Structure formats: C-alpha cells, structure tokens
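> can't give you the sequence, but here's the structure:
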C-alpha cells in the first residue's frame, strides 16, 4: 500500500495515466481544475480533477479517439477519431456532439489556434 503523501504530484499523474489501457493525449483545463484525455483502448474521452480524483466518462462509444484540444472560453473540446477518420467536438460535459470534418485519412493530432480561429491536424 502506498501513502499518497509521500508521492510527488508528478508520480501521482504518472501512476494515474499508467493505469489506463492506452492514453493517446492529455489536455488540462486549468481554469476548471480538470484534465481531459482520450482513451482509444476503451473508445472514450474521460476527465478528472487535476489531482486524479473523480474520473468521469465524458464521451463513450467512439471508435478510436486520439488527439484532444480544449477551448475553455467557448466550453468546447475537439478530438480526432482515427477509427472513423473524423474530427468531432462537444461541450466540455460531452453534450452536443457534432462532426466537424469527415473523410480524413488517419487524423491523429489536433491543435487549436484560438486567437486566429484555426484548427490544425
């Protein structure tokens, strides 16, 4: 048994992430004290508090979600799904899911340039 008081925050994060089958990408919503990640092994997007507590499934039933990016001001998350060759987005709570770009070829990473209103993949 481990005493969490003796584990650094970095080791705690590493332990949380190592416990997942596959983690493709993590993004932190620092203003909301949440981190979000894609889990292609279980075809879902999850979030948790920055200390690793309160892990929640946000979007389930995806094919192979991979990259993720957050727009905290708009309350949106964007992700790539390699299994369906799409880029999708939803509210940070997983509601209002929509397809943004379809017909891609294995979209892995995603980045948002919020100042310019651009999305890159």
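Alright, I've got the coordinates. As the structure is a computational prediction, the values presented were derived from the model and not from experiment.

> how near is the closest residue in space to residue 33 that isn't next to it in sequence to residue 85?
The shortest distance from residue 33 to any residue that is not its chain neighbour, by C-beta to C-beta, 6 or more residues apart in numbering, is 5.3 Å, and that residue is residue 50. Backbone N, C-alpha and C define where each C-beta goes, glycine included. For residue 50, the distance to residue 85 under the criterion C-beta to C-beta, to the nearest Å works out to 32 Å.

> And residue 97, by the same measure?
The gap separating residue 97 from residue 85 is 16 Å, by C-beta to C-beta.

> again, but for residue 103
Computed with C-beta to C-beta, the distance linking residue 103 and residue 85 is 6 Å.

> higher neighbour count, those two?
When neighbours are counted by other C-beta atoms under 10 Å, residue 103 and residue 85 differ, and residue 85 comes out ahead with 16 against 7.

> My guess is that one contacts residue 108. True?
No - in this structure residue 85 lies outside contact range of residue 108 using C-beta atoms under 8 Å: 11.0 Å.

> Pick out the residue closest to the middle of the protein.
With the centre of the chain defined as its mean C-alpha position, the nearest residue by C-alpha atoms, centre = their mean is residue 37, 2.7 Å away.

> For that residue, what are phi and psi?
Dihedral pair for residue 37: phi -150, psi 160, per degrees, to the nearest 10.

> any idea how far it lies from residue 102?
Between residue 37 and residue 102 the computed distance is 23 Å (C-beta to C-beta).

> which residues sit in contact with residue 65?
Contacts of residue 65 were listed using C-beta atoms under 8 Å, 6 or more residues apart in numbering, and they are 24, 38-40, 43-45, 59, 79-82.

> That one - nearest residue in space that isn't next to it in sequence?
Spatial nearest neighbour of residue 65, chain neighbours left out: residue 38 (4.0 Å); criterion: C-beta to C-beta, 6+ apart.

> could you point out which element follows the helix or strand hosting the one you found?
Take DSSP states H and E as the rule and residue 38 turns out to sit in strand 34-39. Remark: after strand 34-39, the chain's next helix or strand is strand 44-49, criterion DSSP H and E.
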